[in-house]
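S.K.: sequence unknown, structure follows:
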C-alpha cells in the first residue's frame, strides 16, 4: 500500500489539527505558554469575542490540553484560571516551530515580539528535528517516511 492509498483518518497531523488547528486556539496556547491564565486577560490580549474564547477554552479543556484552577479575588466571586496540562506543554515545540518559521518568513524589519533564549547560555532557541539516536538538525532529505502500523486502506 502506498501513501495515496492510505486512509488519513488516523493521521496524527489531522487529529492534532482537530484539537488545535484553528487560529484562535493557537493564540490561546501561545498566551498560556507565556503565562496568561485568566479569561479577561486572554480576551483583552488576543482580541477575540467572549463567545469564541469560551468555546475554544471549553474545547481545550475537553481535550485535556488545559485545566481549570479556581481562584478568588478579595470581594469577588470565585472564578477559574486556565493552566496548561502536561499534554498542553507538549505543544510548546510545535508553537516554537511555528514562531521560528514566522520569524524567518513573515516578520518585517521590526523583529519578533518575543526573544526566546536559553536561560543557561543566553543563546537564541531554535527548533530542530532529530532522530531518537540524537542525530540532530535533520532535513527532509535525511529521512524516509513509511506507512506505520495504523495505516489502513482508503475506503
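M.R.: Thanks, I have it. Small disclaimer: the values here were computed from a predicted structure and weren't measured.
S.K.: for the rest of this, base every contact and every neighbour count on C-alpha atoms.
M.R.: Fine.
S.K.: how far away is the closest residue to residue 95 other than its chain neighbours from residue 42?
M.R.: Closest residue to residue 95 apart from its sequence neighbours, by CA to CA, 6 or more residues apart in numbering: residue 30 at 7.1 Å. Going from residue 30 to residue 42 by CA to CA, to the nearest Å gives 10 Å.
S.K.: try residue 35
M.R.: Counting by CA to CA, the gap between residue 35 and residue 42 amounts to 10 Å.
S.K.: the more surrounded of the two?
M.R.: With neighbours defined as other CA atoms under 10 Å, residue 35 and residue 42 compare such that residue 42 has more, 20 against 12.
S.K.: so what secondary structure elements neighbour the helix or strand harbouring the more buried one?
M.R.: For residue 42, the host element (DSSP states H and E) is helix 39-46. When contacts are defined as 3 or more CA pairs under 8 Å, 6 or more residues apart in numbering; DSSP states H and E, helix 39-46 sits against helix 23-33, helix 50-62.
S.K.: got the angle between that helix and helix 50-62?
M.R.: 110 degrees (axes from the mean of the first three to the mean of the last three CA atoms, to 10 degrees).
S.K.: show me the contact partners of helix 39-46.
M.R.: For helix 39-46, contacts defined as CA atoms under 8 Å, 6 or more residues apart in numbering pick out 27-28, 31, 36, 49-50, 53, 81-82.
S.K.: perfect, that will be all.
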